[in-house]
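[1] my questions are about this predicted structure, shown below with the sequence.
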Amino acid sequence: MKQVSIFLLLFCSIVIFGQNSGSLNLNLDFENIENGIAKGWKTYGKGNYTASIDSTVYLSGNHSAMAEYKSGTPYFKAWAYSIPAIYQGNKIKLTGYLKTENVTDGYAGLWMRIDPLVSFDNMSNRGVTGTTGWKKYEIELDLFPSKAKRIVFGGLLTGKGKMWIDNLEITIDDKRLEDVPLKKLLNVEKDTAFVNGSKIDTIALDTGKIADLKALGLIWGFLKYYHPNIAKGDYNWDFELFKILPRIINCNNNIERDKIIIDWIKSLGQYNIDKTESDNKKADSVKMMPDLDWITNSGFSDSLVSVLTRIKNAERNGTNYYVDLVPGVKNPDFSHEAIYSNMKYPDAGFRLLALYRYWNIIQYYFPYKYLIGEDWKNVLAEFIPKFVNAANETDYKLAVLELIAGIHDTHANIWARDSVISHFWGVNYAPLEIKFIENQPVVTGCIDEVLGEKTGLIPGDIITKINHQPVSEIINNNLKYIPASNHPTQLRNLSRKLLRTNDTSISIEYLRDEKIRTATIKAYSTEKININNKYQVKDTCFKMINNNIAYLYPGSVKNSYLPVLYKKIKDKKGLIIDFRCYPSEFIVFTLGKYLMPDKTEFVKFSNGSIETPGLFTFTGTLKVGEKNEDYYKGKVIILVNEETQSQAEYTTMALQNAPNAVIMGSTTAGADGNISFFYLPGGIRTAISGIGVYYPDGSETQRIGIIPDIVVKPTINGIKHNRDEILQKAIELIEE
């Protein structure tokens with residue numbers, strides 16, 4: 001049920017966060033009913049479920065909340081309640097009572113999340129199954145009051161069966177909410193002037209005005225991360241944009257524009273200049289310097305250049321309201337960025353804010369900005385018209401997708417269920433699996449065996465047209481909306497969208513045995529087809545291919561299995577580790593110790609800076625393995641392809657240091673490092689790779705991926721005959 005847990009985590013963060021909680025007369029016993037609905041409660045989910053108030057089964061009072069699976073593919077149903085995080089404290093606890101009936105293929109549980117992206121628990125590791133009477137359960141989370149914006153909680157049912165919830169209670173540090181002190185608000189949190197809109201609906205653009213808005217975007221973001229008073233939380237920097245923006249829109253020339261900006265900056269108050277000598281770290285530890293040359297080469301007036309240079313040299317204490325570095329890992333934390341989820345189609349001012357926010361996060365906190373491939377400042381000017389002139393919600397979100405795709409990071413996307421984006425690609429799915437083989441979209445299998453067989457298409461069929469449009473045109477028109485680090489991974493992601501439609505069928509032209517054929521195939525909603533079926537197959541993590549060769553599949557292996565598995569592996573001639581998947585657990589060091597004779601350096605990182613935004617410096621190297629004379633001495637073949645991403649790439653970097661190790665396959669996804677999530681106006685959740693990941697000599701992994709020692713790619717002929725050609729080549733190499 002891992003997929004369901006992730007879906008709930010992402011879905012609720014978008015939909016519920018913007019909910020108006022009203023007063024704190026909480027209805028946690030479901031007794032306040034209006035027109036059959038429990039006041040303050042919402043239900044969300046996926047699949048054929050019902051959720052209602054039950055007046056016959058309850059723990060106390062006269063009502064409880066019920067959720068019941070009905071039919072079809074089981075997913076989940078959740079009850080959700082939301083309150084503002086206005087409390088001071090350390091630990092928040094949700095307690096409540098559950099009753100279940102015939103819960104299978106999943107579980108029932110309570111769930112709670114501290115938004116945005118602070119902490120979360122849905123009892124996935126201790127959920128209730130079967131038939132049980134009323135019993136008390138609890139969830140306790142760290143509150144993080146300085147970061148928390150909203151507290152969202154409730155109950156959920158995953159899989160099949162029926163569940164009731166009653167008598168929920170929220171406490172903080174074991175105190176009732178009415179007894180908990182309220183947290184003190186910063187000035188940034190008190191400013192609500194533009195919560196319902198920027199009051200800027202249209203912006204007339206010409207070349208000069210685009211230049212003005214580019215200058216404003218550069219300076220607005222620079223001040224956000226460099227000005228000490230903004231860093232303290234003295235200003236709601238989103239809303240300060242809307243105060244200055246009308247004046248920039250209406251200014252007549254550069255001289256007037258620069259004076260407006262100078263007066264604006266001076267109004268932000270005094271600050272100290274850093275008296276210490278800035279060494280910006282030792283030269284050999286610097287990976288990327290801040291890109292601030294625009295201050296002097298943008299044609300600003302001497303007075304404005306002087307003001308900006310002084311801010312550049314300001315004394316900063318290593319804290320900033322709008323960004324922090326996660327302890328230990330030190331990827332950026334943007335949890336104070338407001339979500340504005342009630343604005344599905346934000347006005348022109350908020351759309352410009354979305355562009356400025358995203359552009360400046362990349363400018364100062366994306367470790368791979370230097371790999372984008374073009375001057376990032378030119379991208380700002382390019383996208384101003386696309387955001388300002390977006391005519392509707394679809395145009396706005398496609399502009400966001402195109403902007404995200406421009407940073408070439410597979411970790412970057414719109415990471416939440418979005419009805420507009422879903423409709424753009426199509427809400428219904430043909431039951432076929434498509435992959436690009438030999439640069440052509442080829443049927444490789446079925447999402448659903450029964451429905452797939454009805455299409456008449458078989459593995460090896462090459463799709464040439466979809467709804468009478470050549471596939472090459474579809475690729476050219478849509479690749480700009482597919483964020484990924486490299487072209488093979490873009491094609492991987494696009495292949496999953498090719499056979500989506502908002503209709504109930506798709507017209508297909510395909511090539512089989514050098515003959516053009518046509519078919520009309522049905523498409524199904526996710527209520528009727530499980531599109532994640534491939535990822536939910538419970539296959540073994542280990543098998544013996546023959547007496548000499550062992551096979552390990554990290555997609556389902558657990559660390560606890562490794563001691564037993566190693567006894568079966570240690571004397572074999574060869575070990576194949578199939579990383580064409582995402583690891584089920586973090587096995588870098590637990591598996592590494594069996595494959596290495598000694599500690600071996602395998603990776604180093606780069607981290608950003610709060611004191612000097614835009615500066616990235618290297619850390620020391622990490623080592624894998626330990627002193628071990630009983631290490632594995634056979635041949636190690638690690639299989640990779642475009643499915644090998646992030647943690648899979650990181651693990652491969654480590655394990656390729658094993659003696660006699662060979663990387664075999666094709667280009668990996670080229671996205672490594674811990675992920676940093678953040679929001680754009682309209683509740684758009686996106687992310688970046690938050691730290692740089694490099695080999696000990698500093699060579700890249702981002703975009704390049706893990707380079708195979710032996711390149712082996714699947715062929716159309718191999719697909720036709722159901723041959724895993726990469727695995728076969730690995731077996732041949734070991735047996736040689």
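    Received it, and whenever you're ready, just let me know what you need. Residues are numbered from 1 along each chain as shown.
[2] mind jotting down where the strands sit in the stretch 351-500 of the chain?
    428-429, 432-437, 440-446, 462-466, 469-470, 500-501 (DSSP state E, counting those that start in this stretch).
[3] would JSON lines of these with mean neighbour count be doable?
    Yep, even glycine has a C-beta here, placed from its N, CA and C like the rest. Converted to JSON lines, the strands of the stretch 351-500 of the chain look like this (neighbours: other Cβ atoms under 10 Å):
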{"stretch": "strand 428-429", "mean neighbour count": "22"}
{"stretch": "strand 432-437", "mean neighbour count": "21"}
{"stretch": "strand 440-446", "mean neighbour count": "21"}
{"stretch": "strand 462-466", "mean neighbour count": "19"}
{"stretch": "strand 469-470", "mean neighbour count": "12"}
{"stretch": "strand 500-501", "mean neighbour count": "19"}
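[4] dump those to TSV, plus mean pLDDT.
    What follows is the strands of the stretch 351-500 of the chain, written out as TSV (pLDDT from 0 to 100):
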stretch	mean pLDDT
strand 428-429	96
strand 432-437	96
strand 440-446	96
strand 462-466	98
strand 469-470	97
strand 500-501	97
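[5] what's the closest of the ones you listed to residue 302?
    Across the strands of the stretch 351-500 of the chain, residue 302 has its closest neighbour in strand 432-437 (54.4 Å, Cβ to Cβ).
[6] the strand or helix carrying residue 96 pairs with which strands, parallel or anti?
    Applying DSSP states H and E as the criterion places residue 96 in strand 91-115. Strand 91-115 has these partner strands in its sheet, going by DSSP bridges: strand 119-121 (antiparallel), strand 128-142 (antiparallel), strand 150-172 (antiparallel).
[7] right, so of those, which gets closest to residue 78?
    So among the strands paired with strand 91-115, strand 150-172 is nearest, using Cβ to Cβ, at 4.0 Å.
[8] and the next helix or strand after the closest one, which strands flank it?
    Per DSSP H and E, the first helix or strand lying C-terminal to strand 150-172 is strand 175-176. Here strand 175-176 is paired, per DSSP bridges, with strand 150-172 (antiparallel).
[9] send me the strand it pairs with as PDB with only the CA atoms.
    Output in PDB follows, covering the C-alpha atoms of strand 150-172 (Å, rounded to 0.1, in the frame of the first residue of the first chain):
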ATOM      1  CA  ARG A 150      -1.700  24.000   9.300                       C
ATOM      2  CA  ILE A 151      -2.600  20.800  11.100                       C
ATOM      3  CA  VAL A 152      -4.500  18.300   9.000                       C
ATOM      4  CA  PHE A 153      -5.800  15.000  10.500                       C
ATOM      5  CA  GLY A 154      -8.500  12.400  10.300                       C
ATOM      6  CA  GLY A 155      -9.000   8.700   9.500                       C
ATOM      7  CA  LEU A 156      -8.600   6.600   6.400                       C
ATOM      8  CA  LEU A 157      -9.400   3.200   5.000                       C
ATOM      9  CA  THR A 158      -7.100   1.600   2.400                       C
ATOM     10  CA  GLY A 159      -7.900  -1.600   0.600                       C
ATOM     11  CA  LYS A 160     -11.200  -3.400   1.200                       C
ATOM     12  CA  GLY A 161     -13.600  -3.500   4.100                       C
ATOM     13  CA  LYS A 162     -15.400  -1.000   6.300                       C
ATOM     14  CA  MET A 163     -14.200   1.400   9.000                       C
ATOM     15  CA  TRP A 164     -15.800   3.800  11.600                       C
ATOM     16  CA  ILE A 165     -14.100   6.700  13.400                       C
ATOM     17  CA  ASP A 166     -15.300   8.500  16.600                       C
ATOM     18  CA  ASN A 167     -14.200  10.700  19.500                       C
ATOM     19  CA  LEU A 168     -11.000  12.300  18.100                       C
ATOM     20  CA  GLU A 169      -8.900  14.600  20.200                       C
ATOM     21  CA  ILE A 170      -5.900  16.900  19.600                       C
ATOM     22  CA  THR A 171      -3.500  17.700  22.400                       C
ATOM     23  CA  ILE A 172      -0.200  19.600  22.300                       C
END
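[10] so residue 164 makes contact with residue 68?
    No. Using Cβ atoms under 8 Å as the test, residue 164 is too far from residue 68 to be in contact (9.5 Å).
[11] show me which of those two is the more surrounded one.
    With neighbours defined as other Cβ atoms under 10 Å, residue 164 and residue 68 compare such that residue 164 has more, 23 against 19.
[12] tell me the domain ranges of this protein?
    2-184, 207-409, 428-524, 537-735 (automatic domain parsing).
[13] now these in JSON lines, with distance to residue 192?
    Formatted as JSON lines, the domains of the chain follow (distance: least, Cβ to Cβ, whole Å):
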{"stretch": "domain 2-184", "distance to residue 192": "12"}
{"stretch": "domain 207-409", "distance to residue 192": "8"}
{"stretch": "domain 428-524", "distance to residue 192": "33"}
{"stretch": "domain 537-735", "distance to residue 192": "15"}
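[14] which stretch among those domains comes nearest residue 195?
    domain 207-409 (8.0 Å).
[15] what about the closest residue in space to residue 424 that isn't next to it in sequence, how many residues nearby?
    With sequence-adjacent residues excluded and distances taken as Cβ to Cβ, 6 or more residues apart in numbering, residue 424 is closest to residue 394, at 6.2 Å. For residue 394, the neighbour count with other Cβ under 10 Å is 14.
[16] separation between residue 394 and residue 419?
    10 Å (Cβ to Cβ, to the nearest Å).
[17] wait, residue 103 sits on residue 161?
    Yes. When contacts are counted by Cβ under 8 Å, residue 103 is listed as touching residue 161 (3.4 Å).
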